[in-house]
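S.K.: When you get a sec, could you give me coordinates for this:
(2 chains)
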Amino acid sequence: DAGVIQSPRHEVTEMGQEVTLRCKPISGHNSLFWYRQTMMRGLELLIYFNNNVPIDDSGMPEDRFSAKMPNASFSTLKIQPSEPRDSAVYFCASSLAGPYEQYFGPGTRLTVT
Amino acid sequence: AQSVTQLDSQVPVFEEAPVELRCNYSSSVSVYLFWYVQYPNQGLQLLLKYLSGSTLVKGINGFEAEFNKSQTSFHLRKPSVHISDTAEYFCAVSTRYSTLTFGKGTMLLVSP
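M.R.: All right, here's what the predicted structure looks like:
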């Protein structure tokens, strides 16, 4: 299995631009998670989906952030407009539904200048 | 809701010495427990997990952890560390009704 795939691996953009991060979960997994990791705040859960439906988006910092999962094999996290404080590593993870271990992708390092 | 506390933000240790990374949790229902490792510039990787059964769990790379229900702990141990074990370690807890909640992480620094 290829594992969780994220793209791009690195993204540098200017403040105000739209950023779209992409994730392909492990085949057969029906839960998908988006996390953000920074030195200051550590690992934060932004949103998670079960069977393509958003279950908990309480971690989404503000309306500038949105996430979609149009099918079982693809999800996006969009930031519009981006701000310097959004600079972080964004991880996608997938799992079987329930309290099971999550499998993480390699992350997208986002830098907003 | 459950929570996880990792008491040490950094643990420095010399190569070949034993190490223990501490993790305590809080939950009103039965829990499942996990340890993850994150090497520099990589994603988190599952090290070991406790779902049920034996309270002593063995994982990859020679690590083990013991579930102690009375002390609500799940400490991670390794009898002899290597330079390559330098990484950040995350404890996580879930329940039958919830997904993982992660601790803030412990940075293990192994020096020669």
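
S.K.: quick one: contacts for the most centrally placed residue in chain A?
M.R.: Centroid-nearest residue in chain A: residue A:34, 3.3 Å away (criterion: CA atoms, centre = their mean). By CB atoms under 8 Å, 6 or more residues apart in numbering or on different chains, the contact set of residue A:34 is A:23, A:45, A:46, A:47, A:48, A:67, A:75, A:77, A:90, A:91, A:92. For every residue, glycine as well, the C-beta is placed using N, CA and C.

S.K.: Next, count neighbours for the last one.
M.R.: By the measure other CB atoms under 10 Å in any protein chain shown, the count of residues near residue A:92 is 28.

S.K.: repeat for the fourth one
M.R.: The number of residues packed around residue A:47, counting by other CB under 10 Å, is 22.

S.K.: That one is in what secondary structure piece?
M.R.: For residue A:47, the element it lies in under DSSP states H and E is strand A:42-50.

S.K.: I'd like to know which elements the helix or strand just after that strand is packed against.
M.R.: As assigned by DSSP H and E, the chain's next helix or strand after strand A:42-50 is strand A:53-56. On a contact count with 3 or more CB pairs under 8 Å, 6 or more residues apart in numbering or on different chains; DSSP states H and E, strand A:53-56 meets strand A:42-50, strand A:65-71.

S.K.: list the contacts for residue 67?
M.R.: Because you didn't say which chain, this covers chain A. A:34, A:46, A:47, A:49, A:54, A:57, A:60, A:75, A:76, A:77, A:78.

S.K.: should've been chain B
M.R.: Applying CB under 8 Å, 6+ apart, the residues near residue B:67 are B:33, B:50, B:55, B:56, B:57, B:73, B:74.

S.K.: pLDDT score assigned to it?
M.R.: At residue B:67, the pLDDT value in this model is 95.

S.K.: ditto for the one 5 residues further on
M.R.: Looking at residue B:72, its pLDDT is 95.

S.K.: Let me see the contact set for it.
M.R.: B:24, B:25, B:26, B:27.

S.K.: which phi and psi does residue 51 have?
M.R.: Chain wasn't specified; assuming chain A. Dihedral pair for residue A:51: phi 50, psi 40, per degrees, to the nearest 10.

S.K.: not what I meant, chain B
M.R.: Dihedral angles for residue B:51 - degrees, to the nearest 10 - are phi -110, psi -40.

S.K.: I figured it hits residue B:34, correct?
M.R.: No - counting by CB atoms under 8 Å, residue B:51 stays clear of residue B:34, with 9.3 Å between them.
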